[in-house]
Structures are given as structure tokens and as C-alpha cells.
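The sequence and its predicted three-dimensional model are supplied below.
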Amino acid sequence: IFYLQLCTFLSYNKQQYWHYEMSSEKIASILLHVTGEYYGLRGIYQNHAGCERGYFKTKSNELIALPKKDRNGVNLFLPDLILYDQSSNAIILVEGKKLSTLQYGIEEIENYDSIEQEFIIPNYPDCTILRCISIFGGNLEELPHNKVILYLNENGKIIINPDAPDCIKELFSQEEGVPV
């Protein structure tokens, strides 16, 4: 209500400010993030669509502000989302992209060595790490690449990679009509 009152007071048209996003590359990664946390996966880092950089959460719930550069002075490449599955001790690094920028995502996930070596492995020892991509857009009926863990097409169809960890497949097995 306060937002509407503020818009009225400022003579601001809320339709110009607020709208449903229908083309962002982060739609699929946000879907994966929210669904994952709802069903028990632990979000240990997120940075969706230009939001303020989040904190890295350790196993003991300590929050670490991640630097812009790694220990060698090179830009620290960060995924959009890092999920942790405690039952399998698996870390899932997710880069969100549009179907049209899939190739950039494939290249980008190759740059996650520093985040893994400097933050993930020291804080989550002996974990398995998976680098993958979530994709939004287009109207494909199958996964566009084997590195895609989740594909959400423009019609709302969700396709999960059959090689995804069980924790990811289980997230969407509750949903009718979600091919895995």
C-alpha cells in the first residue's frame, strides 16, 4: 500500500516502473534458486540480474563478502547462483543465460576455478562441484546443450537435464509435465 501511496504522491505511473519480466536471462536461474531453497537445497551465493553482489555462505553460516579480484589480482568470475545439497555434499554453480547467449555461458563457466579453489573447496571440503547453465527463451522441445541443467522455454515448459544431480531432478519431479 505504501508503494501505491508513494506513486500517487509523486504522480508516478507504476506501469512504467513495474512490469512482469518476460525476456531476462535470469528467469530460469531465479526459478531454480527459489524452487531449490523451497525444497531444501541451500543457496550459498546468488547474484541475479544486476542485483547487489551477495555474500558467500559457509557451512557454518558465516557470510563472506567476495572480492572483485582473486588472490592473483585477476577478476573473480562468479556464477549467478551456487546451490548446496547437503545430502550428497554437492555444489552446483549455475550461470543464467538466454538461449541466444548460451555460447557465452558455456565459455563463462570455464572461468570458475578461482571461486572453487579460494572459497568453495576450503569451506565445503570433499564436495563434488558441478558447473552448469540455466537457459530461458526460445521454443525448443529439448535441451540445447549438455551443460544446460534447466531449460525454461518461452511457453513455460521446463526441461531438466537427465544427467542433472538427483537433487535437481527431484525439485521438479513434483511438477506435472516436467520432462527429466
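Everything's here; your move. Numbers count the residues shown, from 1 in each chain.

What values do phi and psi take at the nearest residue to Ile109 once chain neighbours are set aside?
Nearest non-adjacent residue to Ile109, counting by CB to CB, 6 or more residues apart in numbering: Arg131, 4.2 Å away. All C-beta spots, glycine's among them, are computed from the backbone N, C-alpha and C. Main-chain torsions, Arg131, degrees, to the nearest 10: phi -100, psi 130.

go on, Ile44?
Torsion angles, degrees, to the nearest 10, at Ile44: phi -110, psi -10.

per-residue confidence for it?
For Ile44, the pLDDT comes out at 97.

Let me see the ranges of the helices in the chain.
Per DSSP state H, the chain carries helices over the ranges 2-9, 14-17, 27-38, 102-108, 113-115, 121-123, 166-173.

With mean pLDDT and mean neighbour count added, can I get those in a markdown table?
Putting these into a markdown table (pLDDT from 0 to 100; neighbours: other CB atoms under 10 Å) gives the following:
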| stretch | mean pLDDT | mean neighbour count |
| --- | --- | --- |
| helix 2-9 | 47 | 10 |
| helix 14-17 | 50 | 9 |
| helix 27-38 | 92 | 20 |
| helix 102-108 | 96 | 16 |
| helix 113-115 | 97 | 17 |
| helix 121-123 | 97 | 14 |
| helix 166-173 | 91 | 18 |
